[in-house]
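1. got a predicted model here, sequence first, then my questions.
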Amino acid sequence: MRLLAYALSVLTVILAALVVPMPLVEFSPGGATSVPEELLEVEPTLDTTPINGDLSLLTVRLRQPSFAEVVRAAASPLRKLQTRQTVFPEGVEGEDYLELQRDEFRRTFELAVAVGLRAAGEDVAFSSAALVAQVVPGGPADGRLQAGDLVLAFEGEPVDTSAELVEAAGDLALGEAVTLQVERDGDEIDVEVVAGRIAEVDRPVLGISLLDVVDDVDLPDGIHMESTRIGGPSAGMMVALTTFDLFSDEDLAAGRHVAGTGTIDADGVVGPIGGVAEKVVAAAAAGADVMLVPAAQEEEAMSRARDGLRVIPVATLDEAIAALRAGG
């Protein structure tokens with residue numbers, strides 16, 4: 001009887017190691033999603049040119065591993081572990097976090113399409129706004145600002161893009177109080193935030209992450225986003241690039257499989273994203289010929305580059321277009 005109890009105890013420990021989730025998040029290479037085939041739907045009534053090749057966005061897989069999976073991930077150069085609190089906002093469960101990421105993707109989509117249309121010479125007018133995507137738990141803005149707030153002004157000066165807000169808040173002193181005018185649930189309110197410090201940042205900040213979104217845009221009828229479970233803003237550059245290829249007379253893909261990742265803002269600036277190293281691996285596994293990455297993450301991306309995949313750093317949509325024109 002004692003032997004049976006011991007055996008059951010050992011079995012319980014083994015099962016727990018195999019199935020009980022740890023307070024960690026595992027990042028691993030995802031896949032490549034063809035933007036023109038699986039994401040961006042354009043009705044035949046619009047004047048477009050066919051894409052000769054493929055333009056793909058790249059994804060990263062996130063999951064909460066068991067103990068056994070943590071051991072496996074620690075031994076694999078293709079998997080990365082982070083503590084759960086550095087990935088999920090406090091009080092937000094996994095599926096709720098993924099839904100927030102999908103909301104970010106939907107907001108990014110319209111802006112990326114508008115930027116791509118403008119680059120292709122289409123007459124599309126739009127204005128952008130700086131959206132608070134996340135508030136760092138325990139940071140200076142926690143309890144003051146909320147995810148979903150639109151920042152209209154900083155210390156009385158109008159703000160139209162996240163870059164403008166980042167620049168305005170770039171020289172804050174520790175303990176300095178600033179006033180932001182925000183739109184929340186249809187109301188405009190003033191919010192005071194005292195600059196402070198957060199982990200991994202060596203200067204006083206507000207403790208928020210920002211996202212450029214379209215505030216007012218009139219896209220041509222017939223452009224739609226396919227239903228998707230992809231989340232986050234990192235597909236912005238590839239959506240804009242695909243839109244440009246469709247609505248311009250140029251053949252950017254030129255028979256190649258072009259993969260890429262990077263955010264896009266209203267000025268066409270390409271911004272850094274999470275999991276760039278894992279996405280380089282995903283691009284190679286998908287058989288991509290060329291991968292476009294944010295210039296700010298060139299070193300990390302190049303560390304995973306392999307023969308047969310050319311990795312090109314770009315800082316703007318114009319640079320991405322120029323690189324593909326030149327043959328990549």
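-> Arrived safely.

2. okay, residue 323: pLDDT?
-> We have a pLDDT of 95 for residue 323.

3. am I right that it falls within a helix?
-> Yes. Under DSSP: H, G, I helix; E, B strand; the rest coil, residue 323 falls within a helix.

4. can you report how many residues lie near it?
-> Neighbourhood size, residue 323 [other Cβ atoms under 10 Å]: 18. Backbone N, C-alpha and C define where each C-beta goes, glycine included.

5. likewise residue 127?
-> Per other Cβ under 10 Å, the neighbour tally for residue 127 reads 12.

6. which ones are touching it?
-> Residues near residue 127 by Cβ atoms under 8 Å, 6 or more residues apart in numbering: 160, 214, 215, 216, 217.

7. again, 10 Å this time
-> By Cβ atoms under 10 Å, 6 or more residues apart in numbering, the contact set of residue 127 is 114, 160, 161, 214, 215, 216, 217, 266.

8. if any of the residues you listed are buried, put those into a PyMOL selection.
-> Restricted to buried positions by 16 or more other Cβ atoms under 10 Å, the PyMOL selection for these reads:
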select buried, resi 114+160+161+214+215+217+266
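
9. from the contacts of residue 127, which is closest to residue 259?
-> Proximity to residue 259 was ranked across the contacts of residue 127 by Cβ to Cβ; first place goes to residue 114, at 22.7 Å.

10. tell me the spacing between the closest residue to that closest one other than its chain neighbours and residue 210.
-> Leaving aside its chain neighbours, residue 114 sits nearest to residue 126 (4.6 Å; criterion: Cβ to Cβ, 6 or more residues apart in numbering). Residue 126 sits 18 Å away from residue 210, going by Cβ to Cβ, to the nearest Å.

11. residue 162 too?
-> On the measure of Cβ to Cβ, residue 162 and residue 210 end up 4 Å apart.

12. joint contacts of these two?
-> Here residue 162 and residue 210 share the contacting residues 130, 131, 132, 133, 151, 265, 271, scored by Cβ under 10 Å, 6+ apart.

13. need the max-distance pair from those residues.
-> Farthest pair in the shared contacts of residue 162 and residue 210, by Cβ to Cβ: 151 and 271, 16.8 Å.

14. okay, the two: which has more neighbours?
-> Set residue 151 next to residue 271 and count neighbours by other Cβ under 10 Å: residue 151 wins out with 26 against 22.

15. is the residue nearest to that one when sequence neighbours are not counted in a bridge, and if so with what?
-> In space, and not counting its chain neighbours, residue 151 is closest to residue 130: 4.5 Å by Cβ to Cβ, 6+ apart. Beta bridges link residue 130 to residue 151, residue 212 when assigned by DSSP bridges.
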